[in-house]
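Student: fold the following, please.
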Amino acid sequence: MRNWKRLAASLILVVLVVACSESGAAAPQGVNTGNVARDFTLETIEGGSVSLKDHRGQVVLINFWATWCPPCRAEIPDLQSAYVERRDDGFVVLGVNVEESGAVVQQFMDEMEMTYPVLLDEGGGVLQTYRANGLPMSVIVDPEGVIQVRHVGYLTASQLEDYLAELMP
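Tutor: This next block holds a predicted model:
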């Protein structure tokens with residue numbers, strides 16, 4: 001009987017240790033859905049710098065784009081509208097321009113009346129880190145820093161609204 005109690009106590013201890021370690025485990029860092037998003041720091045169009053980690057606690061849309069990309073140009077007004085409508089609720093758009101000069105990007109931003117933060121990935125390093133297969137590509141990160149969406153291609157207003165409805169009801 002004594003061995004039986006010892007065995008039962010050991011089994012309960014093992015179950016508790018496994019259950020506690022699984023529930024508190026953090027998602028691994030990476031660039032895929034379910035991963036904690038890899039941090040990056042890029043220069044802003046104004047000359048400052050922004051890191052992804054600066055926006056922990058917010059829902060962040062990282063949008064990789066270029067001025068020469070027709071689908072990128074087409075989705076920017078919808079991204080701008082969503083940003084204006086939801087920024088007070090904790091939503092931010094980080095427009096990551098890929099491999100273009102600040103002067104070209106600034107002129108484009110003025111034409112498109114973009115007010116969300118635009119970052120310059122002049123060497124394409126962040127684009128490579130996030131393994132973008134084409135432009136545009138959007139990644140949506142939840143307030144805990146976990147990637148919830150990887151969307152390659154044109155992101156429509158209704159698709160964006162559907163994604164945000166799940167994260168920001």
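
Student: and Ile62, what are its bridge partners?
Tutor: Ile62 has the following beta-bridge partners by DSSP bridges: Leu94, Val139.

Student: might one say that it is in contact with Val98?
Tutor: No - the criterion here is Cβ atoms under 8 Å, and Ile62 misses it with Val98 at 11.7 Å. Placement of C-beta: from N, CA and C, glycine included.

Student: got any residues that touch both of those two?
Tutor: Counting by Cβ atoms under 8 Å, 6 or more residues apart in numbering, Ile62 and Val98 have no shared contacts at all.

Student: distance of Gly30 relative to Asp121?
Tutor: In this view, Gly30 and Asp121 are 19 Å apart by Cβ to Cβ, to the nearest Å.

Student: same question, Glu99
Tutor: To Asp121, Glu99 is 7 Å away according to Cβ to Cβ.

Student: in terms of neighbours, single out the busier of those two.
Tutor: Asp121 (21 against 12; other Cβ atoms under 10 Å).

Student: got a list of what the more buried one touches?
Tutor: Counting by Cβ under 8 Å, 6+ apart, Asp121 touches 42, 64, 96-99, 127.

Student: now do the end-to-end distance for stretch 116-135.
Tutor: Stretch 116-135 has its terminal residues 19 Å apart, counting by Cα to Cα, to the nearest Å.

Student: how far off centre is it?
Tutor: The chain centroid and the centroid of stretch 116-135 are separated by 12 Å, computed with Cα atoms, centre = their mean, to the nearest Å.

Student: same check, this time on stretch 40-49
Tutor: Relative to its parent chain, stretch 40-49 has a centroid offset of 17 Å by Cα atoms, centre = their mean.

Student: same deal with stretch 107-125?
Tutor: 17 Å.

Student: what is the mean pLDDT for that stretch?
Tutor: For stretch 107-125, mean pLDDT is 97.

Student: go on, stretch 154-169?
Tutor: The predicted model assigns stretch 154-169 a mean pLDDT of 96.

Student: residues in contact with it?
Tutor: In contact with stretch 154-169 (Cβ under 8 Å, 6+ apart) are residues 59, 61, 63, 71, 74-75, 78-79, 81-82, 86, 89-91, 136, 138, 140, 142, 148-149, 151.

Student: same deal with stretch 28-45?
Tutor: The contact list for stretch 28-45, computed with Cβ under 8 Å, 6+ apart, reads 26-27, 49-53, 62, 96, 102, 105-106, 109, 117-121, 126, 129-131, 139, 141, 144-150.
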